[in-house]
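Asker: Sequence and predicted structure are below.
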Amino acid sequence: MNQDLRREREAASFNPELLTHVLDGSPENTRRRREIENLILNDPDFQHEDLNFLSRSQRYEVAVKKSASMVKKMREFGIADPEEIVWFKKIHLVNFVEPVSLNFSMFIPTLLNQGTTAQQEKWLLSCKGLEIIGTYAQTEMGHGTHLRGLETTATYDPETQEFILNSPTVTSIKWWPGGLGKTSNHAIVLAQLITKGKCYGLHAFIVPIREIGTHKPLPGITVGDIGPKFGYDEMDNGYLKMDNYRIPRENMLMKYAQVKPDGTYVKPVSNKLTYGTMVFVRSFLVGEAARSLSKACTIAIRYSAVRHQSELKPGEPEPQILDFQTQQYKLFPLLATAYAFQFVGAYMKETYHRINEDIGQGDLSELPELHALTAGLKAFTSWTTNAAIEACRMACGGHGYSHCSGLPNIYVNFTPTCTFEGENTVMMLQTARFLMKSYDQVHSGKLMCGMVSYLNDLPSQRIQPQQVAVWPTVVDIDSPDSLTEAYKLRAARLVEIAAKNLQNEVIHRESKEVAWNLTSIDLVRASEAHCHYVVVKLFSEKLLKIQDKSIHTVLKNLCLLYCLYGVSQKAGDFLQGGIMTESQITQVNQRIKELLTVIRPDAVALVDAFDFQDVTLGSVLGRYDGNVYENLFEWAKKSPLNKAEVHESYHKYLKPLQSKL
Amino acid sequence: MGSPVHRVSLGDTWSRQVNPDIERERNIQSFNVERLTNILDGRAENTALRRKVESIIHSDPKCSLKDNYFMTQNECYEAAIQRKFHIQTIAKCLGWSENSPEFFYAYRAVSGEVALTIHSIFLQALRSLGSEEQIAKWAPLCNNFQIITTYAQTELGHGTYLQGLETEATYDAATQEFVVHSPTMTATKWWPGDLGRSATHALVQAQLICSGARQGMHAFIVPIRSLEDHTPLPGITVGDIGPKMGFDCTDHGFLRLDHVRIPRDNMLSRFAQVLPDGTYLKLGKLQINYLSMVITRVNLLWGEVTPILQKACVIAIRYSVIRRQSCLRPSDPEAKVLDHQTQQQKLFPQLATAYAFHFLTSNLLEFFHSSYDAILNKDFSLLPEMAGFLEKNYLQAQASQDSTSQRSLPQSVAYLTAADLAKCPAQKAADFLHPQLYTKAWAHVAARLIKDSAHHLQTLMQSGADRYEAWNQTTVMHIQAAKAHCHYVSVKNFTETLDKLENEPAIQQVLKRLCDLYALHGILTNSGDFLHDGFLSGAQVDAVRTAYLDLLPLIRKDAILLTDAFDFMDQSLNSALGCYDGNVYERLFEWAQRSPTNTQGNPAYEKYLRPLLQSSRAKL
């Protein structure tokens, strides 16, 4: 092991194993996760191809191979528990994206949520066994987040009892669905239902797209790959165009809405339940943000302990770059953020399962808040993580740009999270809608509960800046609870400002919608402040549950750093709201620098506790053993570009260039 | 006037039909776009010359970027070499001289997607570090491509910190040669462009050792590949460093030197010399070695940073008037996304920054040209001033933090000593639309942050910390101060540019809105710094926000024209979303169908999907 990393690990103030247990939820979870990981790593069939050296077509091929072998291996090892499947996939796929993943993440769940018992009986077995590989086709070339704008039509023909599917315009071509381009033979297609001459809005239809046996597109179907993207190389995101393509009436998912054989439309009782899948996916994405950020921090911090550069004092050897204050200032707030998001991700998962049980018992009361919270947190955590991964990459200097660092791959595969499953700005505005509604309810005398209960304490006149003196407490910058209060005041203030500005615009504008648009920057700010408060609150509350003293100490420092760094970045909000004074902000900035020094000796142990296998990190710079440079050279030599000593373009172009000119 | 005919003929015209959504945007003629393009180009003659060069390049299919996105790294490299070859041939035919505007415009036309770009950096280094005899010997070889060169500085274990480089050049007086050697793994040269597979010669930065003494970094010309068959020369290990996040067209390389001997004359000796007997002779300041890096940075700003931001703005803003999403009024069709306030908030500050950086860089360039000759004439008096002005950190990315580049703040920071207001006098939102007022606000904040960090450093030292530790403990503050300074410089420069446009009132007005937006957006994103010492009150920050929000719809009207004025051809943008005629979706569909994933079959189906589908069917 590299000497620098050995020293770092020996000097840590706590045992990272205990922190790993906290992150996994229990020592038993850690044990079982590692058991599953080792099943794969010790399996002679397991091959680890370096995806960086493969062309797009090769990556797709390897990914399909991995998908296929995974189905076999999971059967062989008897992995069936959902949590265990996640652990299994993460290590089996390494960093490959899975072309058949939508079959499991969207096709089957939609069938379960929206299909009748008969439909489930008909389709479920064949798609679970991958006789059918399904995908989920919602977005179109010209339409995304705004579902009502989708153009694909499904017109019912009572004569033959069939739906006729059409893509009437270029913009209506289904665009982006994963696995659609080359892999799937069926798709659940969202289309505008038209029956008896009337449009009833979006409904879901099971559409066969490729012939079983030959895999050729069926007549009336135009399907293909949408071309190369920023990342997701091995995913065949696809397009789908349908021309008078007929499917039987039974292929419409009819658990809620129905079309009778004669074409009569029967309305669904409630459409709230269709939220379910979205809420689940978005709460899952919060955990994915935490995971991607944790990986990026692991790589950047380990490398910063191995890399030596410049001088702090003349004559002394070059120091580890992690000893530079600027490097600590770049990385430690991100490390604290990674921990914060880990705990938020775990909370979201628990909450989702709890509320899902309530829904099962017919209690939908918490669903609106959960929907608003997942939307906002999905946006808040993915925006932060997106910027943070890039910051980690740049903190690795030039080598961060090489694929050997693993960071470009993490970034390009994470960044679509900001725009898929609900574009982030739209998500923030959904949260804002909930906040505005809650604000109005408080004003009409109703008390709010849950994360927005702080709105109950808002005397409406307090918003005048002159009245700042009425804020109840002085912020103690060494107390996470007190800082949580400060974030709460900031959120309350920005929600109130947005609400008042909205009211003001409503008075002056022709319509509510115009007023909403002209307040939307304020509304997004309010949602961000709300989400920031939730994250701070959850992190602080997590501290109360930590028994081990050494772990508690180190997590408390991270929690303080997370809170204070946010205050420093948004100092204007805290000053303007009179929540903190100028001298407190100066203290906050000073305290941040002290915390950097306090966290410094534990930095490597803190990323070790994330417990990533080297194959999962996929990074030469982030290797556990720290033997970076030797392996960097070995890695480069393996690059296909070095296969021939003299590249053919020398003979084609360079040689003639030298002679011609 | 706006010569709309010419403009419509821009691009490779998908069809004669321009998307009506973008056409309508162009009907609003609040200023003369052509005139603004001339201003951006410097003058109308430059615009004409640029267009002439671009049309020559774009009419040559061998220079096309069209299929770039479908290529493997190998294919990209080959295409970039081919492009370079053709541009070079064209240049020879038409008599373009090296470093001429024609060349610059040609590179702009192909978005810099050409190989052998370090060749010119070698030449620049040669010119600034080489003696007259050396220049006379090597420059013609370079110009005629008899040799292909690269500049090898960074090593596997060392980058920014030049003194830390490990490669050694030891003088052997017996043979009058330097022995160039990589003593450790970390000394391996790593990252130089064109080194991996193209270069025949490298300018190697190495520690000079002569007569037993280390003399620091010097530059040596080292032959690395055979001029006969391009194979590596004895003692040379060279190759490509592997795939990267981008730059597929460049073969960044590694280089290990095993006691490679080169003649004494191969050390560049304008500023330092080794005599035959090994005596070391200094002819100038050591820091002059930075000169070629500084030159590279200026070119980076002008050739890379600014146009890339401009192109990104063109693509995002054009697409935002084609893409429709959600309704702003219940009965209306879906609105253009550019009409959403949140979209304006995302894009207009970037557009304003693109203009701010454009004017900043063109002024820097002027300054650079006026002082470059003085330096070559061994007049070093301007160098510290210049290094300060050329801080690339702020421009490169406001977020990126370069800890070494702000040690020498420019001498002429007049605002540090100028009379300062303790409080901003603005009373209402409209007051914040005065360039003098917000320039002063930025000066105030920059001055305060510089003062605070200096004070912090002093306090630490007075409390017993040694100088170096104290410096390290102040670097976060220093960077904050340096950024504020750069922000101030770019705001000030933008306002001065406006002053020069008094004969162009329409253009001045539209650019002033961008300048206002640039300054105010900066104040809002750093409002803590302005509130901190009470320079702005909470009510004043609210007024800034009001002024800022009111600017968005004004800029909205001119947004397309402001991006058209950058005058990028579709072939350079190479973007389905950013095309001039707005036929986005048609291009997108056509583009996807050309993808190799659709034209080259699906081997994965035969190999894996079919067995997978069938194995499970057998089980069912």
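Answerer: Arrived safely.

Asker: From the contact counts, what lies against the helix or strand hosting A:Leu125?
Answerer: Using DSSP states H and E, A:Leu125 sits within helix A:117-128. For helix A:117-128, the elements it packs on are helix A:108-114, judged by 3 or more CB pairs under 8 Å, 6 or more residues apart in numbering or on different chains; DSSP states H and E. Bear in mind the C-beta positions are built from the backbone N, C-alpha and C, glycine included.

Asker: close to chain A, is the one helix or strand B:Ala446 maps to?
Answerer: Using DSSP H and E, B:Ala446 sits in helix B:435-462. No. Counting by CB under 8 Å from any CB of the partner chain, chain A is not contacted by helix B:435-462; separation bottoms out at 8.9 Å.

Asker: Which single residue in the stretch 351-500 of chain A comes nearest to chain B?
Answerer: Closest residue of the stretch 351-500 of chain A to chain B, CB to the nearest CB: A:Pro408 (3.7 Å).

Asker: before we move on, back to that, what lies in contact with the following helix or strand past the helix holding A:Leu125?
Answerer: Later in the chain than helix A:117-128, the nearest helix or strand by DSSP H and E is strand A:134-137. With contact meaning CB atoms under 8 Å, 6 or more residues apart in numbering or on different chains, strand A:134-137 is reached by A:102-103, A:106-108, A:110-111, A:127, A:174, A:177-180, A:183-190, A:206-207, A:238, A:240.

Asker: So which of these are in strands?
Answerer: When DSSP state E is applied, the contacts of strand A:134-137 are split such that A:174, A:186-190, A:206-207, A:238, A:240 fall in strands.

Asker: Let me have those residues in a markdown table, adding distance to chain B as columns.
Answerer: What follows is the ones in strands among the contacts of strand A:134-137, written out as a markdown table (distance: CB to the nearest CB, whole Å):
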| residue | distance to chain B |
| --- | --- |
| A:Lys174 | 12 |
| A:His186 | 12 |
| A:Ala187 | 16 |
| A:Ile188 | 18 |
| A:Val189 | 18 |
| A:Leu190 | 17 |
| A:Ile206 | 17 |
| A:Val207 | 18 |
| A:Gly238 | 9 |
| A:Leu240 | 12 |
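
Asker: what's the farthest-apart pair in the residues you listed?
Answerer: A:Ile206 and A:Gly238 (16.7 Å; CB to CB).

Asker: and the residue nearest the centre of chain A, backbone torsions?
Answerer: Central residue of chain A (CA atoms, centre = their mean): A:Leu285, 3.4 Å from the mean position. A:Leu285 adopts backbone torsions of phi -70, psi -30, taken as degrees, to the nearest 10.

Asker: excluding its backbone neighbours, what's nearest it?
Answerer: Closest residue in space to A:Leu285, ignoring its immediate chain neighbours: A:Lys378 at 5.1 Å, by CB to CB, 6 or more residues apart in numbering or on different chains.

Asker: Which parts of the strand or helix carrying that neighbour count as buried, going by neighbours?
Answerer: Applying DSSP H and E as the criterion places A:Lys378 in helix A:367-395. By neighbour count on 16 or more other CB atoms under 10 Å in any protein chain shown, the buried set for helix A:367-395 is A:367-386, A:388-395.

Asker: Remind me what that helix packs against, helices and strands.
Answerer: helix A:275-306, helix A:325-360, helix A:407-414, helix A:424-443, helix A:520-544.

Asker: Just send those back as JSON lines, with mean pLDDT too.
Answerer: Converted to JSON lines, the helices and strands packed on helix A:367-395 look like this (pLDDT from 0 to 100):
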{"stretch": "helix A:275-306", "mean pLDDT": "92"}
{"stretch": "helix A:325-360", "mean pLDDT": "93"}
{"stretch": "helix A:407-414", "mean pLDDT": "96"}
{"stretch": "helix A:424-443", "mean pLDDT": "95"}
{"stretch": "helix A:520-544", "mean pLDDT": "98"}
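
Asker: Kindly reformat those as a markdown table containing distance to A:Leu39.
Answerer: As requested, those are exported to a markdown table (distance: least, CB to CB, whole Å):
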| stretch | distance to A:Leu39 |
| --- | --- |
| helix A:275-306 | 20 |
| helix A:325-360 | 24 |
| helix A:407-414 | 25 |
| helix A:424-443 | 37 |
| helix A:520-544 | 31 |
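
Asker: Nearest approach to B:Tyr548 belongs to which of those helices?
Answerer: Using CB to CB, the helices and strands packed on helix A:367-395 put helix A:520-544 closest to B:Tyr548, at 9.2 Å.

Asker: Could you break the chain into its assigned domains?
Answerer: With no chain named, the answer covers chain A. As assigned by the TED database, chain A contains the domains A:1-42+A:280-446+A:479-643, A:101-268.

Asker: that answer is for a different chain, and I need it for chain B
Answerer: According to the TED database, the domains of chain B span B:31-115, B:148-283, B:294-377, B:389-566.

Asker: could you dump these to JSON lines with mean pLDDT and mean neighbour count?
Answerer: As requested, those are exported to JSON lines (pLDDT from 0 to 100; neighbours: other CB atoms under 10 Å in any protein chain shown):
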{"stretch": "domain B:31-115", "mean pLDDT": "92", "mean neighbour count": "18"}
{"stretch": "domain B:148-283", "mean pLDDT": "95", "mean neighbour count": "20"}
{"stretch": "domain B:294-377", "mean pLDDT": "87", "mean neighbour count": "19"}
{"stretch": "domain B:389-566", "mean pLDDT": "85", "mean neighbour count": "18"}
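
Asker: now A:Pro44, what's its secondary structure?
Answerer: coil (DSSP: H, G, I helix; E, B strand; the rest coil).

Asker: other SSEs contacting the strand or helix carrying A:Ala486?
Answerer: Here A:Ala486, judged by DSSP H and E, is contained in helix A:480-508. Helices and strands touching helix A:480-508, by 3+ CB pairs under 8 Å, 6+ apart, are helix A:424-443, helix A:512-518, helix A:520-544, helix A:549-569, helix A:571-576.

Asker: buried residues in stretch A:575-584?
Answerer: A:575-580, A:584.

Asker: Now that stretch: average pLDDT?
Answerer: Averaged across stretch A:575-584, pLDDT comes to 94.

Asker: and what of stretch A:45-57?
Answerer: The average of the pLDDT scores along stretch A:45-57 is 86.

Asker: ok, and does that stretch reach over to chain B?
Answerer: Yes. Counting by CB under 8 Å from any CB, contacts between stretch A:45-57 and chain B involve A:52-53, A:55-57.

Asker: Understood, closing this out.
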